[in-house]
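A.B. asks: any chance you could fold what I've pasted below:
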Amino acid sequence: MANKERAIHLNYENIIFELLKKFPEYNEAYKEHIRYNGELLPSVFVGETLNEDLVVWLEEHIEHNKLKKVFEFLEIMATEGDMEVKELLSTTILERLGDNPKLLKEAYIYMGENTKKESEEIERFWGRD
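C.D. replies: Here you go, the predicted structure:
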């Protein structure tokens with residue numbers, strides 16, 4: 001099953017739908033996002049949902065199973081995503097984590113190899129390494 005999931009090529013048009021398959025708890029937020037914005041804005045949606053939860057879960061050391069699942073998805077984004085998906089990962093999620101060194105250190109526990117590589121590149125870019 002994991003190989004079948006990894007066969008999906010993630011792009012900016014399908015990334016949110018793949019995210020919703022993995023995390024159906026965001027379906028209502030998706031509907032609200034569309035109502036409010038009149039269209040899907042992937043970076044905004046991820047920033048308002050997954051990103052916010054991720055920060056809370058890491059800060060409060062809770063939801064370990066969800067954290068594992070999220071970072072598995074982020075690893076797929078890093079390996080199977082097109083350039084726009086990788087930019088979404090980098091600018092919306094990883095830069096935010098890097099804003100807080102303590103949070104980033106906690107996130108590194110869960111990150112896959114490719115996600116960590118992307119994060120380290122961002123930290124070097126911002127001079128935070």
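A.B. asks: what residues does the helix or strand in which Leu88 is found touch?
C.D. replies: For Leu88, the host element (DSSP states H and E) is helix 83-88. Helix 83-88 is contacted from outside by 10-12, 15, 42-43, 46, 77-78, 81, 118, using CB atoms under 8 Å, 6 or more residues apart in numbering. For the C-beta atoms, the positions are set from N, CA and C on the backbone; glycine is no exception.
A.B. asks: swap in 10 Å and give it another go.
C.D. replies: 9-16, 18, 42-43, 45-47, 76-82, 94, 114, 118 (CB atoms under 10 Å, 6 or more residues apart in numbering).
A.B. asks: so how do I select the buried members of those residues in PyMOL?
C.D. replies: Remark: buried members of the contacts of helix 83-88, expressed as a PyMOL selection using 16 or more other CB atoms under 10 Å:
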select buried, resi 10+12+14+15+16+18+42+43+45+46+47+76+77+78+80+81+82+94+114+118
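A.B. asks: narrow the contacts of helix 83-88 to those in helices?
C.D. replies: Counting by DSSP state H, the contacts of helix 83-88 place 15-16, 18, 42-43, 45-47, 76-80, 114, 118 in helices.
A.B. asks: out of those, who's nearest Tyr36?
C.D. replies: Using CB to CB, Phe45 comes nearest to Tyr36 of those, at 10.4 Å.
A.B. asks: quick one, phi psi at the closest residue in space to the closest one that isn't next to it in sequence?
C.D. replies: Excluding the flanking residues, the one nearest Phe45 by CB to CB, 6 or more residues apart in numbering is His33, at 5.1 Å. The phi/psi pair for His33 (degrees, to the nearest 10) reads phi -60, psi -50.
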